[in-house]
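Asker: Sequence first, predicted coordinates after that:
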Amino acid sequence: MKNDFAFTLKSIYFNENYIPSNSTRATTNFANLARGASRQENLRNTINMINNRFNALANWDNPNNDRYSVELEIVSVYIDIDGSGKTFPSIEILKTHIIDHKTGKRIEGIVGNNFSSYVRDYDFSILLSEHNKDKNNFSIPDNFGELHGNLFKYFVNSETYKKNFIKPPVICLSVSDSKTYHRTGNHHPILGFEYQTDDSSLTEQYFKKMGLQVRCFMPLNSVAPLTFYFFGDLLTDYTNLELISTISTMETFQKIYRPEIYNANSVAAVCYKPSLKNQDHSLTKIVYNREERAQLAIEQGKFAEEYFIKPHKSVLEQWSANFAL
């Protein structure tokens, strides 16, 4: 396949001085926290939560629970479709770095974690919505998610990715509140008990087109499973510290954004159905506007449509139809 598309990467660290770039999706986890009067307190509290959770899970040779801290690097992936030098912010991901204060080493963690995409906003907030506008029965458009999936696979297999990242990405998201999960007897020392479901959600089908497998695990002292999307073998391809960096980061974000599930006051049972209507939960001290986030997804979908999908429609459709690794 001809390498028509070029990628460039830009990165910024997520810390208490973080200010989102103009091209960052406003609904992205970390960008959402970095706005408003409480922005610096939000950021500081979030980082403390991540570090505390990391040390609680990495508890060997760590008697004071302060051996490690996590640095988060926000990586923005820009794509140039036609070689003109004009780029579109296609993907944004997080890369974790682990600081071992005992040895002084800085250890590379996992890339992926949070996953942000304007094209995904377009698919779910514009394309899917318009497709079902005049219908009584919900249905999925033909080839839904294929362009997005092919662009993602193309990036992960690109020289740009290989030069910057050692291992394939792992994306960690919330479980679906429309599905029921069942705990299995499979237990991993870091990831915890595995949960399985008989149904495949639209999100899982969408990520499958990105080439990703899915498994759900509930780590020690978590109250709900997390959903992991990955290539290869999640349980053997990554070290304990790498896995802990993802768990501590993404569970913290979920406690802020979905406290009904991830900051619930009761632990997920053997048979578990998540609910965003669960009243028995605790709130973090971190300010977040979930309704605004949903509204912004539509605006961002329109942005992708106007500046990426429509201008390059014929090129993208032809490229995706002929895509092969």
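Answerer: Thanks, I have it.

Asker: for the protein, what spans make up the helices?
Answerer: In the chain, the helices defined using DSSP state H lie at 29-33, 39-57, 118-121, 128-131, 146-156, 159-164, 202-208, 234-237, 240-257, 259-262, 290-304, 313-321.

Asker: can you tell which of those helices is closest to Val214?
Answerer: helix 202-208 (5.2 Å; C-beta to C-beta). To be clear about C-beta, it is placed using only N, CA and C from the backbone, and glycine gets the same treatment.

Asker: re earlier: mind checking which of the helices of the chain is nearest Thr103?
Answerer: helix 240-257 (11.9 Å).

Asker: so what does that closest one touch, helix or strand wise?
Answerer: In terms of contacts (3 or more C-beta pairs under 8 Å, 6 or more residues apart in numbering; DSSP states H and E), helix 240-257 is packed against helix 29-33, helix 39-57, strand 68-80, strand 88-100, strand 105-116, strand 170-174, strand 226-230, helix 259-262.

Asker: so which of the ones you listed gets nearest Asn322?
Answerer: strand 68-80 (17.3 Å).

Asker: Show me what the residue nearest to Asn164 when sequence neighbours are not counted is bridged to.
Answerer: Excluding the flanking residues, the one nearest Asn164 by C-beta to C-beta, 6 or more residues apart in numbering is Leu9, at 6.0 Å. Per DSSP bridges, the residues bridged to Leu9 are Val77.

Asker: Was I right to think Leu9 contacts Val77?
Answerer: Yes - Leu9 lies in contact with Val77 (C-beta atoms under 8 Å); the separation is 6.0 Å.

Asker: centroid residue for the chain?
Answerer: Nearest to the geometric centre of the chain sits Asn114, at 2.4 Å (C-alpha atoms, centre = their mean).

Asker: Could you report the neighbour count for the nearest residue to that one once chain neighbours are set aside?
Answerer: Once flanking residues are discounted, Asn114 sits nearest to Leu94: 4.6 Å by C-beta to C-beta, 6+ apart. The tally of other residues near Leu94 (other C-beta atoms under 10 Å) stands at 29.

Asker: before we move on, back to that, and Leu9 and Val77? which has more neighbours close in?
Answerer: Val77 (25 against 16).

Asker: how far away is Leu276 from Gln213?
Answerer: 26 Å (C-beta to C-beta, to the nearest Å).

Asker: ugh, wrong one, Asp80
Answerer: 30 Å.

Asker: returning to that earlier point: and the residue nearest to Asn114, what are its bridge partners?
Answerer: Beta-bridge partners of Leu94, as defined by DSSP bridges: Ile74, Gly112.

Asker: ok now do it, which residues does it touch?
Answerer: 14, 30, 72-75, 111-114, 249 (C-beta atoms under 8 Å, 6 or more residues apart in numbering).

Asker: pretty sure Leu234 is touching Val214, no?
Answerer: No - look at Leu234 against Val214 with C-beta under 8 Å: they stay out of range, at 9.6 Å.

Asker: can you list residues touching both of the two?
Answerer: Joint contacts of Leu234 and Val214 (C-beta under 8 Å, 6+ apart) are Phe228.

Asker: about what we covered before: most neighbours of all the contacts of Leu94, which one?
Answerer: Most surrounded of the contacts of Leu94: other C-beta under 10 Å gives Thr249, at 28 neighbours.
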